[in-house]
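In: Dropping the sequence and predicted coords here.
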Amino acid sequence: MGWRALLVCGPLLAAGTVPAASGPVASPPPASSGSALEKRAEAARAAGRLDEAAALYRQALATRPRWPEGLWALGTIAYEQDRFAECRDLFTRLTAIQPEMAAAWALRGLCEFGLSAYAGARADFEKALALGLPTRDELRQAVLFHQALLFAKQGAFDLAIAPLQHILEVQAPSPELDVACGLVLLRRPLLPGEVKAADLDLVRRAGEAYCAHLARHAERAAERFAGLILEHPRARYLHYGRGLALAQQGSAEALAEFQKEIDLFPDAVLARVELGFGLLARGRDADALGPAQEAVRLAPGLFVTHLLLGRVLAATGRPERGIREMETAAALEPRIPEIQLALARAYAQAGRKADADRANAAFQSLQAARRGSSSPAAPPSEAP
């Protein structure tokens, strides 16, 4: 069942029920206090007579425009019937009445997504997640899924990783998830409907492998990537993906896969980053310097390249130069706790206790924020 079907058929949206608001807002009036017109609308909705229900809800809302259940029910009907402009307007009214209702912001964002109003949809998704949606709720899964699609569409592939991981923590992969994972792994700034028919099989199957990796089924992921590499020996990011899966198993073979990606594609930044971190993890600090320096040269605007080079420099006895690289990384991406942790260690190595204490405090704060967020920022590389 697709995400739209989950939303319109799931128990959350049945019979026009308004979900409980996340914060201390006024509760909607009980259904029993409604007029006969309102009760007729609710009965038609429960019976699946959506056109009749919509007409009755509009009549009822004309006389009681701040009726939360009515706004919710008519909004979900409009969403189900692809009337996205009406849907957005109804949930805009509902969020004005109950601004702490996470589900209303979520549906408003989904309606905006349907209108291709992507900036507004992204803001609404962030608001809904910040207010709180139940972990296993279909609506939360749909929000995270569409949030990941938006990140991929804008080319922020690394930010799409965390929403996909959250989804895969509570449900098995699906065809829709496979395509989303494939777009992220293969760095395609597209929505699923924009993938060319000739590319769809590769995107989907690469996504199956990458979804398995994100769900921490490393052996399955590595096998799927191996099969794809046999069929598409010169396809970009497949050796990189297999390297990620092997690294997740702790296998030293991961380094060879990252090197194969680099050999095929000399501008492969992420493979160099993963290779550098893999060498560091195995105590081969000096060997990591070359990939780290080349990664910075190729992608000076990517924080993780500076983080890698900073850690390599600190590990090879040049903490002050390493600190400068890590400070560049922190300036490029202030939300990543791993940068502050690396800085704290480098400051301590350089004898800069006050700076080390400050960086450690920043690390603790960012970690706490990450744990408390439904959609934490994800670093471009999983190695840090």
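Out: Structure received. Numbers count the residues shown, from 1 in each chain.
In: Let me know whether residue 204 touches residue 179 as I believe.
Out: Yes: Residue 204 is within contact range of residue 179, at 5.4 Å (criterion: Cβ atoms under 8 Å). C-beta: built from backbone N, CA, C; applies to glycine.
In: In terms of neighbours, single out the busier of these two.
Out: Neighbours per residue, other Cβ atoms under 10 Å: of residue 204 and residue 179, the larger number sits with residue 179, 24 against 18.
In: Could you find the closest non-adjacent residue to the more buried one?
Out: residue 192 (4.7 Å; Cβ to Cβ, 6 or more residues apart in numbering).
In: Count the residues that sit near that neighbour.
Out: For residue 192, using other Cβ under 10 Å, the count is 20.
In: Could I get the contacting residues of it?
Out: 149, 176, 179, 180, 183 (Cβ atoms under 8 Å, 6 or more residues apart in numbering).
In: what's the farthest-apart pair in the residues you listed?
Out: 176 and 183 (11.1 Å; Cβ to Cβ).
In: if you count what's nearby, which of the two comes out ahead?
Out: Just comparing residue 176 and residue 183: by other Cβ under 10 Å the higher neighbour count belongs to residue 183, 28 against 18.
In: Need the residue closest to the centroid of the chain.
Out: Nearest to the mean C-alpha position of the chain, by Cα atoms, centre = their mean, lies residue 163 at 2.7 Å.
In: Okay, and that one sits in which element?
Out: helix 157-170 (DSSP states H and E).
In: neighbours around residue 169, how many?
Out: There are 12 residues near residue 169, going by other Cβ under 10 Å.
In: Please give me every residue in contact with it.
Out: residue 215.
In: What separation do you get for it and residue 158?
Out: Using Cβ to Cβ, to the nearest Å, residue 169 is found at 18 Å from residue 158.
In: Distance check, residue 164 against residue 82.
Out: 26 Å.
In: residues contacting the closest residue to residue 215 other than its chain neighbours?
Out: Computed as Cβ to Cβ, 6+ apart, the closest residue to residue 215 that is not its neighbour in sequence is residue 168, at 4.2 Å. In this structure, residue 168 makes contact with 177, 211, 214, 215, judged by Cβ under 8 Å, 6+ apart.
In: The helix or strand harbouring the second one: what's the following helix or strand?
Out: Read it as residue 211. According to DSSP H and E, residue 211 maps onto helix 197-214. Next helix or strand after helix 197-214 toward the C-terminus (DSSP H and E): helix 218-231.
In: Now find how far off-centre the helix or strand following that next one is within its chain.
Out: Proceeding N to C from helix 218-231, the next assigned helix or strand is helix 238-248, under DSSP H and E. Relative to its chain's centre, helix 238-248 lies at 20 Å (Cα atoms, centre = their mean, to the nearest Å).
In: what does stretch 291-310 give?
Out: That offset, for stretch 291-310, works out to 24 Å (Cα atoms, centre = their mean).
In: Could you do stretch 342-355 as well?
Out: That offset, for stretch 342-355, works out to 32 Å (Cα atoms, centre = their mean).
In: That one spans what distance, first to last residue?
Out: Start-to-end span of stretch 342-355 (Cα to Cα, to the nearest Å) is 12 Å.
In: One more: stretch 310-326?
Out: Terminal residues of stretch 310-326 are spaced 5 Å apart (Cα to Cα).
In: Tell me how far that stretch lies from the chain's centre.
Out: 31 Å.
In: Give me the buried positions along that stretch.
Out: By neighbour count on 16 or more other Cβ atoms under 10 Å, the buried set for stretch 310-326 is 310-315, 318-319, 321-326.
In: Can you lay out those as TSV showing secondary structure and distance to residue 55?
Out: What follows is these, written out as TSV (DSSP: H, G, I helix; E, B strand; the rest coil; distance: Cβ to Cβ, whole Å):
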residue	secondary structure	distance to residue 55
310	helix	63
311	helix	64
312	helix	67
313	helix	69
314	helix	68
315	helix	69
318	coil	73
319	helix	71
321	helix	71
322	helix	68
323	helix	67
324	helix	66
325	helix	64
326	helix	62
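In: which one of these is nearest residue 221?
Out: Out of the buried residues of stretch 310-326, the member with the shortest distance to residue 221 (by Cβ to Cβ) is residue 311, at 26.1 Å.
In: Quick check: closest non-adjacent residue to that closest one.
Out: Nearest in space to residue 311, with sequence neighbours left out and distances taken as Cβ to Cβ, 6+ apart, is residue 342 at 5.6 Å.
In: Mind listing the shared neighbours of residue 204 and residue 179?
Out: Counting by Cβ under 8 Å, 6+ apart, residue 204 and residue 179 have no shared contacts at all.
In: Buried residues of stretch 271-286, list them for me.
Out: 271, 272, 273, 274, 275, 276, 277, 278, 279, 280, 285.
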